[in-house]
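Next one to model:
(2 chains)
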Amino acid sequence: MKVTVCIGSSCHLKGSRRVVESLQYLIAENNLKDKVDLGGTFCMGNCQNGVCVTVDDKNFSASPDTIEEFFKTEILAKV
Amino acid sequence: MEHKTDYIYDKNGKLIYKFDTKVQYIKYKVLREVARQAWAGTLLENVLDIPKIIVPGKVPTMRCCVYKERAILGERVKIAMGGDKNNPNVIEVIETACDECPMGGYEVTNACRGCLAHRCMDACRKGAISFDHNQKAHIDKSKCVECGLCAKSCPYTAIMNFKRPCMSACKVNAISMNEDKAAKIDNDKCISCGACVYQCPFGAITDKSFIINVIDMIQKSDRNKKYKVYALVAPAIGSQYSYAKLGQVISGIKELGFFTVIEAALGADMVAWMESKELAECGDYLTSSCCPAFVDYIHKSFPDMADHISHNLSPAGTIARYIKSTDPKAKIVFIGPCTAKKMEFQKEEVRPYIDSVITFEELQALFDSKDIDLRDLDEDILDNASYFGRIFARSGGLADAVRQALKEQNIDFDLKAISCDGIEACKAALLKKGKNLIDANFIEGMACVGGCIGGAGCLTHGEKNKAEVDKYGKEAFEKTIAEAISMVKLPEEHIND
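All right, here's what the predicted structure looks like:
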């Protein structure tokens, strides 16, 4: 599974660093390092809906406050 | 006909130029017209008409006659379109524009009063000064070594140094004159810093432009659908385009057709992180690798010290490499104050990552070629780097960032940094280090005085620019280097992948 978090300026100010850090932690915690490829990209062209996250090319809107829930439903449940 | 964006007025209706000098302004007009034609796809058709578009009447505005003006403008058009393909140097002389300034060195002027004291003679250690029957001083050029002591000693300041501005500006002594007395650049010595470009009062030395390549890249991307064109902006941008807000500059860059804008300063954060480790591990001293002109200077003038150049790519190269790891089809254009970057991006180790380079001057020409008035635009956001990455733009910033990176990584290392700006200061430090006369383990070198904010490709240069960069640095969302780089993988991690 490929998870990409936007780290462009707009998403950055909306908390993409905390999103990345949470995902890194949750992926390690759940022993998914071999199954989930977490990466960053600069801008997904959808700045209004940041923090932008894609899971295998499907677009999502995340935030530091909802990322744990997002991880459970979109990553943990589907990997 | 003057275009509406030819001049910029402040709130009180006072005229403010976008540039420091009229030389920059004429260069800009050429770039803007070349860009206009390139966007319209009519460049090849109209290329010969551009000089007449810029100087339309019969009255000369800059030179002896309109024909010479247009001939020189024709040369400027060629350079705006990439210049002489057979000359590897990105800095080029326009021979017809060169005024062949006199270059007599130290000469006694009419201000010599024929005094009794003859301090000039006493000051001269070479016995080069004699006096005629009016007691006026004369300099024997066969004995004079151009030390300047006579000029300093004269109470009437009657002795002047007549030196070509380009040669005074060139601290690596790469400029001489050819058989026609026009300036000539020795490519084996030239480090492409652009000091001569900024200093020549006739605009006879100029940097080649890649704007038409950039326009082509944007147009062929089909609105960033075929591939994305990224603008990588140097942190010195914090001191530029003072007539608009930075957020408006970012909007303007996107308006030109760039997909997004990224701070090269994030690459600076990455470099500071890696360079501090490299320094602590190397067991000797390092010289910085951020300034391409400084790196080139070491290779050309201090080849024995080349082993000590940090192995990091420059900040722009480092972040561009990272962007390409996330988007292999990306095209990356560096936008900055630097003419030497135009040389750097063609080097083997950088070529895969940076696709083109333009200066702030050229970016202004691109904005106006599309009639983009930054002041009309909404403010976009630029925030990728930390304070420390951003202050790389001014002298001392790199050393501050390395000190911070050592601290953040808990590396116990006694940093003894020396920050040199301007090639004369760099030369002094390298000479001393070569003879082990200074106790420094890190030499930060910037070819331009003040650092990148003094770059030849800046629109404006000035004292306040350092404060502007510091202010821009403080506005960064991330306060530490570790936070700024936590989202990007460093090259060593790529290797481990």
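
okay, CA-based contacts and neighbour counts for the rest of this
OK.

What residues of stretch B:469-488 count as buried?
Going by neighbour count (16 or more other C-alpha atoms under 10 Å in any protein chain shown), the buried part of stretch B:469-488 is B:469-474, B:476-478, B:480-482, B:484-485, B:487-488.

Any part of it near chain A?
Yes: Stretch B:469-488 is in contact with chain A by C-alpha under 8 Å from any C-alpha of the partner chain, via B:477, B:483, B:486-488.

among these, which one has the lowest pLDDT?
Within these, B:M487 has the lowest pLDDT, namely 84.

Give me the secondary structure label for the nearest residue in space to it that is not next to it in sequence.
Nearest residue to B:M487 in three dimensions, chain neighbours excluded: A:R17, at 6.2 Å (C-alpha to C-alpha, 6 or more residues apart in numbering or on different chains). Of the three states, A:R17 takes helix under DSSP: H, G, I helix; E, B strand; the rest coil.

which ones are touching A:R17?
With contact set as C-alpha atoms under 8 Å, 6 or more residues apart in numbering or on different chains, A:R17 has these partners: A:7, B:483, B:486-487.

so which pair among the residues you listed is furthest apart in space?
Spatial extent of the contacts of A:R17 (C-alpha to C-alpha) is set by the pair A:I7 and B:E483 at 12.4 Å.

List the backbone torsions phi and psi for the residue in chain A positioned nearest to chain B.
As assessed by C-alpha to the nearest C-alpha, chain B sits closest to A:S9 within chain A, at 4.6 Å. The phi and psi values for A:S9, taken as degrees, to the nearest 10, are phi -50, psi -50.

Report the separation between the closest residue to it other than its chain neighbours and B:S242.
Nearest non-adjacent residue to A:S9, counting by C-alpha to C-alpha, 6+ apart: B:D383, 4.6 Å away. B:D383 is 18 Å from B:S242, where distance means C-alpha to C-alpha, to the nearest Å.

which of those two has more neighbours?
B:D383 (22 against 15; other C-alpha atoms under 10 Å in any protein chain shown).

show me what contacts B:G105?
B:G105 makes contacts with B:146, B:160-163, as judged by C-alpha under 8 Å, 6+ apart.

filter those to the buried ones?
Buried, going by 16+ other C-alpha under 10 Å: B:M160, out of the contacts of B:G105.

Tabulate the contacts of B:G105 (CSV), appending secondary structure and distance to chain A.
As requested, these are exported to CSV (DSSP: H, G, I helix; E, B strand; the rest coil; distance: C-alpha to the nearest C-alpha, whole Å):
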residue, secondary structure, distance to chain A
B:E146, coil, 54
B:M160, strand, 53
B:N161, strand, 51
B:F162, strand, 51
B:K163, coil, 48
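
Residue numbers of chain A in contact with chain B?
A:7-10, A:12-13, A:17, A:20-21, A:39-43.

10 Å instead, please
Selection of chain A residues close to chain B by C-alpha under 10 Å from any C-alpha of the partner chain yields A:4-13, A:16-21, A:24, A:39-45.

Below-threshold pLDDT in the stretch 301-450 of chain B: ranges please.
The stretch 301-450 of chain B contains no residues with pLDDT under 70.

so the closest residue to chain A within it, which of the three states?
Nearest residue of the stretch 301-450 of chain B to chain A: B:D383, at 4.6 Å (C-alpha to the nearest C-alpha). Three-state call for B:D383 (three-state DSSP): coil.

ok, now B:Y297?
With three-state DSSP as the basis, B:Y297 sits in helix.

Apart from its neighbours in sequence, what residue is nearest it?
Of all residues not flanking B:Y297 in the chain, B:I191 sits nearest, at 5.9 Å (C-alpha to C-alpha, 6+ apart).

Could you verify that that neighbour is part of a helix?
No: checked against three-state DSSP, B:I191 lies outside a helix; its state is coil.

That one is in contact with B:D296, isn't it?
Yes: using C-alpha atoms under 10 Å, B:I191 is in contact with B:D296, at 5.7 Å.

okay, these two: which has more neighbours?
B:I191 (29 against 23).

show me what contacts the more buried one?
B:89-91, B:170-172, B:174, B:292-300, B:339-340, B:343, B:447 (C-alpha atoms under 10 Å, 6 or more residues apart in numbering or on different chains).

what pLDDT does it get?
At B:I191, pLDDT is 98.

how much space between it and chain A?
33 Å (C-alpha to the nearest C-alpha, to the nearest Å).

Helices along chain A, start to end?
Assigned helices in chain A, in chain order: A:9-13, A:16-29, A:67-70 (criterion: DSSP state H).

pretty sure B:K171 is touching B:K427, no?
Yes: the pair B:K171 / B:K427 is scored as a contact, 9.1 Å apart, by C-alpha under 10 Å.

joint contacts of those two?
Joint contacts of B:K171 and B:K427 (C-alpha under 10 Å, 6+ apart) are B:A447.

Straight-line length of stretch B:33-47, end to end?
First residue to last in stretch B:33-47 (C-alpha to C-alpha) measures 10 Å.

Looking only at that stretch, what residues are buried by neighbour count?
Buried-residue list, stretch B:33-47, by 16+ other C-alpha under 10 Å: B:33-39, B:43, B:47.

related to what we said a few turns ago, which of the residues of chain A next to chain B count as buried?
A:4-13, A:16-20, A:24, A:39-44.

State whether B:V23 is indeed within a helix.
Yes: assigned with three-state DSSP, B:V23 falls within a helix.

so it touches B:L73, yeah?
No: using C-alpha under 10 Å, B:V23 makes no contact with B:L73, being 11.9 Å away.

Which one of those two is surrounded by more residues?
Each of B:V23 and B:L73 has its neighbours counted (other C-alpha under 10 Å); B:L73 has more, 24 against 17.

helix, strand or coil for the more buried one?
Three-state call for B:L73 (three-state DSSP): helix.

got the contact list for it?
Counted by C-alpha under 10 Å, 6+ apart, B:L73 has contacts B:26-27, B:29-30, B:50-52, B:54-55, B:67, B:79, B:94, B:96-97.

Also A:K35?
When contacts are counted by C-alpha under 10 Å, 6+ apart, A:K35 touches A:1-2, A:27, A:79.

Need the buried ones from the residues you listed selected in PyMOL.
The PyMOL command for the buried members of these (criterion: 16+ other C-alpha under 10 Å) is given here:
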select buried, chain A and resi 27
